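*Asks:* This is the structure alone, sequence omitted:
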């Protein structure tokens, strides 16, 4: 079917977008995709999409249709795409030329495009969390998403961040402490803060026993706990440590 032939073209588009090959995208597109054949008109748009949404994580095909005119056969396909910095709905219009498809139109809708691009990613150790583990995360983000990051000085959790009865951090409270201690970055509109703790935690607003991570999207802030990354903790029967008890 036509959409099956277009799928590889979408995958190639994402690879090129992720690696900043905007000029290549324009060069391979159908005549007219770049206004008056000038790549310079489309390149800033493609660059802006990449800067605000980050690299492609996954893409699932949605609605599609095929139509023919005197100009040729067109395939219009929507994709529900997850980018590194937020979800979006992409609409591709391809024109069939011989047995290949050339990009004729592209549009993406995402709330992340309405916000200033996040230019800085910071990891914040909570308490005595070792920075060696965080360095591995930085390497991962750089390799997988092409995002530069740095480690900030550690912060001390406040007394209100700990639920003494459960001996767990409260995820929402911990984020508040982090954004308060780094208020200048939390409010500059271009930074993302990710706290890392080795202590077990849970979200007070949910009925969960624990969570691996918690985020507040509008605040561009999140907390990750490594306490149960092996799905158990000292003293807990391994049969009780199930991923289904963690954050979805």
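*Replies:* Thanks, I have it. The shown structure was predicted, so the numbers you read here are calculated from the model rather than taken from an experiment.
*Asks:* only C-alpha atoms for contact and neighbour calcs from this point on.
*Replies:* Noted.
*Asks:* Nearest the geometric middle of this structure, what residue?
*Replies:* residue 84 (2.0 Å; Cα atoms, centre = their mean).
*Asks:* Ignoring the adjacent residues along the chain, who's closest to it?
*Replies:* The shortest distance from residue 84 to any non-neighbouring residue, by Cα to Cα, 6 or more residues apart in numbering, is to residue 54 (5.0 Å).
*Asks:* what about that neighbour, distance to residue 181?
*Replies:* Applying Cα to Cα, to the nearest Å, the value for residue 54 to residue 181 is 27 Å.
*Asks:* any idea which helix is longest in the protein?
*Replies:* helix 2-18 (DSSP state H).
*Asks:* got the buried residues for that helix?
*Replies:* Under the neighbour-count criterion of 16 or more other Cα atoms under 10 Å, helix 2-18 has 3, 6, 9, 10, 13, 14, 17, 18 buried.
*Asks:* Format these as CSV; extra columns: pLDDT and distance to residue 164.
*Replies:* Listed next are the buried residues of helix 2-18 as CSV, based on pLDDT from 0 to 100; distance: Cα to Cα, whole Å:
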residue, pLDDT, distance to residue 164
3, 63, 56
6, 72, 56
9, 86, 54
10, 91, 51
13, 95, 51
14, 95, 47
17, 94, 48
18, 92, 45
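*Asks:* one step back: which elements pack onto the longest helix of the chain?
*Replies:* Contact partners of helix 2-18 among helices and strands, from 3 or more Cα pairs under 8 Å, 6 or more residues apart in numbering; DSSP states H and E: helix 22-28, helix 39-53, strand 56-69, strand 72-83, strand 100-109.
*Asks:* Just the pLDDT at the residue in the chain sticking out farthest from the centre, thanks.
*Replies:* Here the centre of the chain is the reference, and by Cα atoms, centre = their mean the most remote residue is residue 70, at 40.5 Å. Per-residue confidence (pLDDT) for residue 70: 80.
*Asks:* hang on, isn't residue 151 packed against residue 122?
*Replies:* Yes: proximity of residue 151 to residue 122 meets the contact threshold set by Cα atoms under 8 Å, at 5.8 Å.
*Asks:* low-confidence ranges in this structure?
*Replies:* For the chain, residues meeting the criterion pLDDT under 70 lie at 1-5, 35-41, 115-118, 145-146, 230-248.
*Asks:* So what are the structural domains in it, by residue number?
*Replies:* 2-114, 120-245 (automatic domain parsing).
*Asks:* got the contact list for residue 132?
*Replies:* With contacts defined as Cα atoms under 8 Å, 6 or more residues apart in numbering, residue 132 has no neighbours.
*Asks:* Kindly provide the distance from it to residue 196.
*Replies:* Distance of residue 132 to residue 196, computed by Cα to Cα: 12 Å.
*Asks:* likewise residue 221?
*Replies:* 11 Å.
*Asks:* quick one, what contacts residue 220?
*Replies:* By Cα under 8 Å, 6+ apart, the contact list for residue 220 reads 186, 191, 192, 193.
*Asks:* Is it correct that the third one falls within a helix?
*Replies:* So that's residue 192. No: using DSSP: H, G, I helix; E, B strand; the rest coil, the secondary structure at residue 192 is strand, not a helix.
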